[in-house]
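>>> With the input below, show me the fold.
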Amino acid sequence: MPKVSRNQTVPKKSSRKPAVIVDEVTGEEVRVSSVIFGFVMLVAIVVATAAWMGGSMSQIESRFAGFMDDTARVMGISVNDVSVIGLEQDPALAQDIRAAAMIEPGENMFRADPHLIRRRVEGTRKVLNVRVHRLWPDQVVILADAAEPVALWHDSKKWTVVDGLGRIIPDARPEDHKGLVRLAGRGAPQAAPALAAALKAEPDVAPGIAIATRINDRRWDMRLINGATVRMPEDDGLTTALDRLSTLQVRTALMQRPLETIDLRNQGRVYLTPIDAPDFAAREEAPRS
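Numbers count the residues shown, from 1 in each chain. Purely as a prediction, here's the structure:
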């Protein structure tokens, strides 16, 4: 029997064990290497299947989506009807909105995303206040409002009617909309919806405005019926300025006073430029356009 010298090292058994995962339900141990191997095999099977089908992962996705659509139809939860409510007076527009939704009967209801449909419809810039609802099991409802006239714009040649999306309505007659706010200046139609909405919230101010002129496509100068000019701040301060003007009008009848200008462009101050009483009286007596 061979002798073992005192300095010779006897190899020890490794105390390191392979990594394992313990199943909390069964208490069984699963080696991590087995999990990784299984995952790799799954990926290999998917890739092999894709290669067998033509080498494209998109084909698998497409066929899976088709399978889900078929399953939805069998279960009675596929799209059976796409309804457009609120545009009954304009069938052609309703059809355009239905086409923009890009949802066809027979599609899986779960894939008819209301948020995506709303963005598609809003992207047409043909309607306002778009809402989309799924009525289970088989109906998609799109609610929308047609853009109504909000202003009259003078393009330096003639008056035209502007709708709530800032577009010119070709067939609308200005004489049929005499009560709308009148506008002038380049870029006025595009800014008209915001101005019209802001004036609608200020009934003490709106009746006193003769015409609003767009300045540098950033703000408005509003000429009052009595001839005074109200200089408004840039658009982000429009609502606040109109509210200040309304408060002053209620308290002091500012819009009826003999003034050349009312300057609201400074948020903390109101600058008034008075005119002589005789000039104001003459201006009041002059015919209004």
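
>>> what's the spacing between N80 and V140?
9 Å (Cβ to Cβ, to the nearest Å). The C-beta positions use only the backbone N, C-alpha and C, and glycine is treated the same way.

>>> and those two? which has more neighbours close in?
Applying other Cβ atoms under 10 Å to N80 and V140 shows that V140 carries more neighbours, namely 23 against 15.

>>> which strands and helices sit next to the helix or strand hosting that one?
With elements delineated by DSSP states H and E, V140 resides in strand 139-146, which encompasses its position. The elements that strand 139-146 packs onto, with contact taken as 3 or more Cβ pairs under 8 Å, 6 or more residues apart in numbering; DSSP states H and E, are strand 81-85, helix 91-101, helix 114-122, strand 127-135.

>>> Give me the angle between the second one and strand 139-146.
Orientation note: helix 91-101 sits at an angle of 130 degrees relative to strand 139-146 (axes from the mean of the first three to the mean of the last three Cα atoms, to 10 degrees).

>>> Who are the packing partners of helix 91-101?
Identification of packing neighbours for helix 91-101 by 3+ Cβ pairs under 8 Å, 6+ apart yields strand 81-85, helix 114-122, strand 127-135, strand 139-146.

>>> Of these, flag the one that's most buried.
For these, the largest average neighbour count (mean count of other Cβ atoms under 10 Å) is found in strand 139-146, namely a mean of 19.

>>> what's in contact with that one?
79-87, 89-90, 93, 97-98, 101, 103, 109, 112, 114, 117, 121, 127-135 (Cβ atoms under 8 Å, 6 or more residues apart in numbering).

>>> got it, and stretch 107-118?
With Cβ under 8 Å, 6+ apart as the test, stretch 107-118 has contacts from 65, 68-69, 72, 77-79, 101-103, 130-134, 136-138, 140, 142.

>>> Was I right to think I275 contacts I262?
No - in this structure, I275 sits apart from I262 without contact. The criterion is Cβ atoms under 8 Å, and the distance is 11.9 Å.

>>> neighbour count winner among these two?
A count of neighbours by other Cβ under 10 Å puts I262 above the other of I275 and I262, at 21 against 16.

>>> Parallel or antiparallel, which strands does the helix or strand where the more buried one lies pair with?
In this assignment (DSSP H and E), I262 forms part of strand 259-263. Neighbouring strands of strand 259-263 in its sheet, by DSSP bridges, are strand 229-234 (parallel), strand 271-274 (antiparallel).

>>> in it, what counts as buried?
Neighbour-count burial for strand 259-263 flags L259, I262 (criterion: 16 or more other Cβ atoms under 10 Å).

>>> just stretch 183-197 next, same as before
Along stretch 183-197, the positions that meet the burial threshold by neighbour count (16+ other Cβ under 10 Å) are L183, A184, G185, A188, P189, A191, A192, P193, L195, A196.

>>> just checking, which of the residues you listed belong to helices?
Within the buried residues of stretch 183-197, membership in helices is found for A188, P189, A191, A192, P193, L195, A196, as judged by DSSP state H.

>>> from these, which single one is nearest G164?
P193 (5.2 Å; Cβ to Cβ).

>>> mind listing what that closest one touches?
When contacts are taken as Cβ under 8 Å, 6+ apart, P193 is in contact with V150, G164, L165, G166.

>>> Highest neighbour count among those?
Per-residue neighbour counts (other Cβ under 10 Å) across the contacts of P193 peak at V150, which has 24 neighbours.

>>> does that one really touch A192, like I thought?
Yes - applying Cβ under 8 Å, one finds V150 in contact with A192, separated by 5.7 Å.

>>> Quick check: neighbours shared by those two?
Shared contacts of V150 and A192, counting by Cβ under 8 Å, 6+ apart, come down to V162, V181.

>>> Would you agree T239 falls within a helix?
Yes - the assignment for T239 by DSSP: H, G, I helix; E, B strand; the rest coil puts it in a helix.

>>> How much space separates it from D81?
Between T239 and D81 the computed distance is 41 Å (Cβ to Cβ).

>>> try G185
Relative to D81, and taking Cβ to Cβ, G185 is found at 46 Å.

>>> One more: P193?
P193 sits 32 Å away from D81, going by Cβ to Cβ.

>>> E107 too?
On the measure of Cβ to Cβ, E107 and D81 end up 12 Å apart.

>>> what's the angle from the strand holding V140 to helix 114-122?
Between the axes of strand 139-146 and helix 114-122, defined by the same axes, to 10 degrees, the angle is 40 degrees.
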